[in-house]
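Enquirer: heads up, no residue letters with this:
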């Protein structure tokens, strides 16, 4: 090991997943569950949906998955995910008539 890169000390086993993830990523641990947030990074959206990052980026590029651009980041809102996955309807269709009533 060089003096520029000292050996890493193992992290204590008693840390929570959110705390360890925040420490590894160099960010503060999240205080709320990711599923309850309004917007997600592409990585978070991939974890929540079980889809790959590459697929999400492809769908954004094709225009099938909406997103917000904030600086250099792409944020996918909960509404964008729900529309993409077909969880919520984009618009309510008119009810079809029960039968064909011609005079």
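Expert: Sure thing, it's come through. Just so we're clear, the structure is a prediction, and the values are computed from it rather than from any experiment.
Enquirer: What is the burial count for residue 65?
Expert: 22 (other C-beta atoms under 10 Å). The way it works is simple: take the backbone N, C-alpha and C, and place the C-beta from them, glycine included.
Enquirer: Likewise for residue 50?
Expert: With other C-beta under 10 Å as criterion, residue 50 counts 6.
Enquirer: same deal with residue 37?
Expert: 14.
Enquirer: Excluding covalently adjacent residues, which one is nearest to it?
Expert: residue 78 (7.2 Å; C-beta to C-beta, 6 or more residues apart in numbering).
Enquirer: do you know how far the one you found is from residue 38?
Expert: 6 Å (C-beta to C-beta, to the nearest Å).
Enquirer: The two: who's more crowded?
Expert: A direct count of neighbours by other C-beta under 10 Å for residue 78 and residue 38 places residue 78 higher, at 17 against 8.
Enquirer: how about the helices in this protein?
Expert: 17-25, 42-49, 53-62, 78-85 (DSSP state H).
Enquirer: Tell me which of those helices lies nearest to residue 70.
Expert: Among the helices of the chain, helix 42-49 comes nearest to residue 70, with 12.3 Å by C-beta to C-beta.
Enquirer: I'd guessed the residue nearest to residue 37 sits against residue 45; true?
Expert: No. Using C-beta atoms under 8 Å, residue 78 makes no contact with residue 45, being 9.4 Å away.
Enquirer: residues shared between the contacts of those two?
Expert: By C-beta atoms under 8 Å, 6 or more residues apart in numbering, residue 78 and residue 45 have no common neighbours.
Enquirer: Neighbours of residue 44, how many?
Expert: Residue 44: 16 neighbours (other C-beta under 10 Å).
Enquirer: Any figure for the gap between the residue nearest to residue 37 and residue 39?
Expert: Residue 78 is 7 Å from residue 39, by C-beta to C-beta.
Enquirer: Output the below-cut-off pLDDT ranges for this protein.
Expert: Residues of the chain meeting the criterion pLDDT under 70: 1-35, 88-103.
Enquirer: for it, what's the longest strand?
Expert: Among the segments of the chain that qualify as a strand by DSSP state E, the longest is strand 73-77.
Enquirer: Now do that strand: which elements does it pack against?
Expert: strand 39-40, helix 42-49, helix 53-62, strand 68-70 (3 or more C-beta pairs under 8 Å, 6 or more residues apart in numbering; DSSP states H and E).
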